[in-house]
Structure formats: structure tokens, C-alpha cells
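only geometry, no sequence info:
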């Protein structure tokens, strides 16, 4: 009686249907395994710059099903491209913060430190040195470019962002 009960099960496992199903399952497991090894390799190349470490990680990924899991637990958190992009953004921000952001006091147009007048509204921004023609800051007593003493005119322009004030006089020591 037991032989007749399990006879159907025995016949199924020795049929061609079972062999086809088993071979398809093995095929899909092998394809999934190869795809996971390939994924580990591609992902490691995007996250790790050292080729030797990429090779070692790929070798760990070859261990069926456990290797890719181990790689996923210990892989670097970001792509190399994202790291480079973030570093470039930080450098650009530092450059922007380091540069003086100057605007015309009248029209708020962006102006350069070297401008004597605003190119948009023609407001006079700085006084030029009488000897070399370079722009001067209002607090300067002497031109730093040609060492010419500065004589301020009362109607002379003020450097951007500074309040008008009379020039400071040096005390003469005797």
C-alpha cells in the first residue's frame, strides 16, 4: 500500500517534466549568481578607486549569495562621482565666499573691485590715484601701487560699502 501511495511521487520525480523544471531552476539560480557577481564588480568600480580592492571585493562576491550580502554591508556609502561632485561644489562655495561680492550702491549691479564707475548707472565708485590711475580705498593715506600721497577731495567717491568720512591725518613725530 505504501508503495502504491508513493508510486505517483516516484513517477513524478523520474518524469521528463521534473527534469525540465529542475534544470530551469538550476539555470535561473546560476544566472542570478553570475548577475550578482557582475553587479558587485560594477558597483565596486563606481565606489572604490583602487583596482586591487575592486578585484578582492569581486572575488568575495563570487561566493554564492553570501558574498554579495557581505559586500553590501561593507561597501563605501557613496559613488566616487558623487564625492568628486561634492568636492567641486565645496570648492566653488569657498571661492564664492572668499571673493568679495560687490554691488553698486545706487543700482545694485555687480561691480568689480577695480571699477572706478558703475558700468550700468555711471555712479562714481572710487577715486583714482592721480599718479598711476589705480582705484583707491577711502581709508588709504598713500597709493599702495606707486607710493603717491593721497589728497582727498570732499566730493570724492567713497569705496563701496564704507561710510563717508574725512581722511585720517597722521601725527607727525619729531
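Arrived safely. Here the structure is a predicted model, which means the values were calculated and not measured. Numbers count the residues shown, from 1 in each chain.

doesn't residue 149 make contact with residue 142?
Yes. With contacts counted by C-beta atoms under 8 Å, residue 142 reaches residue 149, the gap being 5.4 Å. All C-beta atoms are positioned from the backbone trio N, CA, C, and that covers glycine.

tell me which of those two has more neighbours.
Shown here are residue 142 and residue 149; by other C-beta atoms under 10 Å, residue 142 has more neighbours (13 against 10).

what confidence value was assigned to the more buried one?
Looking at residue 142, its pLDDT stands at 88.

so who does it touch?
148, 149, 150 (C-beta atoms under 8 Å, 6 or more residues apart in numbering).

so what's the second one up against?
Just to be clear, that refers to residue 149. 141, 142, 143.

please report how far the residue nearest to the last one when sequence neighbours are not counted lies from residue 60.
Taking C-beta to C-beta, 6 or more residues apart in numbering as the measure, residue 143 lies nearest to residue 129, with 4.3 Å between them; neighbours along the chain are not counted. Here the distance between residue 129 and residue 60 works out to 69 Å (C-beta to C-beta, to the nearest Å).

of the contacts of residue 149, which belong to helices?
When these are checked against helices (DSSP state H), there are no matches.

all good on my end, thank you.
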